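Visitor: Pasting the sequence and the predicted model now:
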Amino acid sequence: MQTTSSTRLKLGVLGSGSGSNMQSILDAIAAGTLNAEVRLVLADVPDARILERARNHGVPGAWLDCAPFKTKLDGAAEQRCIQMLRDADVDTVVLAGFMRIVKPGLLAAFPNRVLNIHPALLPAFPGLQAWSQALAYGAKVAGCTVHFVDAGTDTGPIIIQRSVPVLEDDTPESLHARIQVEEHRAYPEALRLLSENRLTVTGRRVVIS
């Protein structure tokens with residue numbers, strides 16, 4: 001159970017896929033190791049499994065129509081997203097496999113409160129299929145990074161990183177699976193630090209107290 005004084009986070013989750021990272025957050029909440037509640041889940045894919053996970057946990061969820069854009073959250077869709085998050089009284093936005101570029105409007109609406117997890121040890125291997133990038137490069141160590149989101153692509157201030165070795169017989173699938181194990185530990189931990197008011201953003205650095 002939580003023993004350190006903390007502020008209860010009110011989370012809004014944006015996702016596109018299975019929602020396994022959101023599940024790890026829900027599990028941490030249920031276990032009492034994270035003082036938070038998921039108040040809304042939005043997915044840009046109508047039948048994304050993350051919405052099914054939300055329903056199974058009694059969390060409100062909805063499809064976020066991002067048309068006409070294919071790769072970003074912008075324009076009227078961004079404004080709808082912001083309004084839905086505000087209507088749900090969200091104070092922290094969690095990107096959990098959200099496959100769109102977040103634009104400045106959302107970042108301005110939730111300053112230093114939009115988090116993402118990336119399957120690489122940033123700044124190495126930003127962008128898509130980071131585990132495949134690591135294998136192609138011949139990296140000996142891979143991992144994941146939880147960071148605050150800024151206007152760049154995977155360039156925001158880093159909160160937590162977790163590493164995994166790259167094995168000689170690794171495939172993209174096997175390496176990705178081991179990285180995901182660490183993702184499911186790192187995301188709840190980063191949110192716990194935020195809830196305990198232990199994170200200070202100074203320029204491009206995060207100081208943990």
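Guide: Yep, that arrived. Numbering: from 1, shown residues only.
Visitor: Could you use CA atoms for every contact and neighbour count after this?
Guide: Noted.
Visitor: Walk me through the domains of the chain.
Guide: Segmentation of the chain into domains, based on automatic domain parsing, reads 8-111, 117-201+205-209.
Visitor: Dump the ones you listed to JSON lines, plus mean pLDDT and mean neighbour count.
Guide: Below are those laid out as JSON lines (pLDDT from 0 to 100; neighbours: other C-alpha atoms under 10 Å):
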{"stretch": "domain 8-111", "mean pLDDT": "98", "mean neighbour count": "19"}
{"stretch": "domain 117-201+205-209", "mean pLDDT": "97", "mean neighbour count": "18"}
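Visitor: what packs against the helix or strand hosting Leu11?
Guide: For Leu11, the host element (DSSP states H and E) is strand 9-15. In terms of contacts (3 or more C-alpha pairs under 8 Å, 6 or more residues apart in numbering; DSSP states H and E), strand 9-15 is packed against strand 36-43, strand 92-96.
Visitor: so can I have JSON lines of these showing distance to Leu107?
Guide: JSON lines is the format used below for those (distance: least, C-alpha to C-alpha, whole Å):
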{"stretch": "strand 36-43", "distance to Leu107": "16"}
{"stretch": "strand 92-96", "distance to Leu107": "9"}
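Visitor: Nearest to Asn112 among those strands would be which one?
Guide: Among these, strand 92-96 comes nearest to Asn112, with 8.7 Å by C-alpha to C-alpha.
Visitor: Give the bridge partners for the residue nearest to Val114 when sequence neighbours are not counted, please.
Guide: Distances taken as C-alpha to C-alpha, 6 or more residues apart in numbering place Val93 nearest to Val114, at 4.6 Å, with adjacent residues excluded. Bridge pairing for Val93 (DSSP bridges) gives the partners Gly12, Val114.
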